[in-house]
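Student: take a look and give me a structure for this.
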Amino acid sequence: MNFIVAVDGSESADRALEYALSMVEPLGATVTIVYSVEPHVVVEGGQEPIAGVPTMGDHIVAESLEDAEARGEQVLEEALAHATDAGVESTTELLYGNPVDALTSYAADIDADGIFVGHRGISKQYEGLAGSVAKALVERASCPVTVVR
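Tutor: The predicted structure follows:
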């Protein structure tokens, strides 16, 4: 059996990893810890609306792909160390794109037995705009999804 644990560096993802490890260890199952690289876009410059395209660069900052990958590798490295300490055979995988699309596609590709995900990730503000990753995974995944609070 192989389960996926989605991590993003948040406390809820840490709880999902901890719970997954406690559940799969007695089964002798393996875990693939995944992180979906999606560079952050940050809007800066106060509450003033953006006047037009020429001033947009003064307000919007995009993280580079390399920085997003480095952040993902760091999160995966820490999660893998935790899984190893717990005695669970684990691997990591860096995915790319929208976390819901990347996770559901990857889970189907490897015929995962289930996905563990935290209830809330890093950005509550982003969740309000784009929706909950956990909720969308439950709706779209081809395998069971466990949402950990």
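Student: CA only for contacts and neighbour counts going forward, please
Tutor: OK.
Student: which residues in this protein form helices?
Tutor: For the chain, the helices defined by DSSP state H cover 11-24, 53-56, 65-85, 99-110, 124-130, 133-140.
Student: out of those helices, which one sits most buried?
Tutor: Ranked by mean neighbour count, these are led by helix 11-24 with a mean of 20 (mean count of other C-alpha atoms under 10 Å).
Student: quick one: Thr92 and Thr32 touch, right?
Tutor: Yes. Contact status for Thr92 versus Thr32: in contact at 5.4 Å, counting by C-alpha atoms under 8 Å.
Student: on that earlier part again, could you dump the helices of the chain to CSV with distance to Val117 and mean pLDDT?
Tutor: As requested, these are exported to CSV (distance: least, C-alpha to C-alpha, whole Å; pLDDT from 0 to 100):
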stretch, distance to Val117, mean pLDDT
helix 11-24, 5, 96
helix 53-56, 35, 47
helix 65-85, 13, 95
helix 99-110, 10, 97
helix 124-130, 14, 47
helix 133-140, 6, 92
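Student: what's the spacing between stretch 102-109 and its chain's center?
Tutor: 13 Å (C-alpha atoms, centre = their mean, to the nearest Å).
Student: any residues touching that stretch, and which ones?
Tutor: Contacts with stretch 102-109, where a contact means C-alpha atoms under 8 Å, 6 or more residues apart in numbering, come from Ile4, Ala6, Ser36, Leu95, Tyr96, Gly114, Ile115, Leu137, Arg140, Ala141, Ser142, Cys143.
Student: among the residues you listed, name the ones in strands.
Tutor: If you go by DSSP state E, the contacts of stretch 102-109 have Ile4, Ala6, Ser36, Leu95, Tyr96, Gly114, Ile115 in strands.
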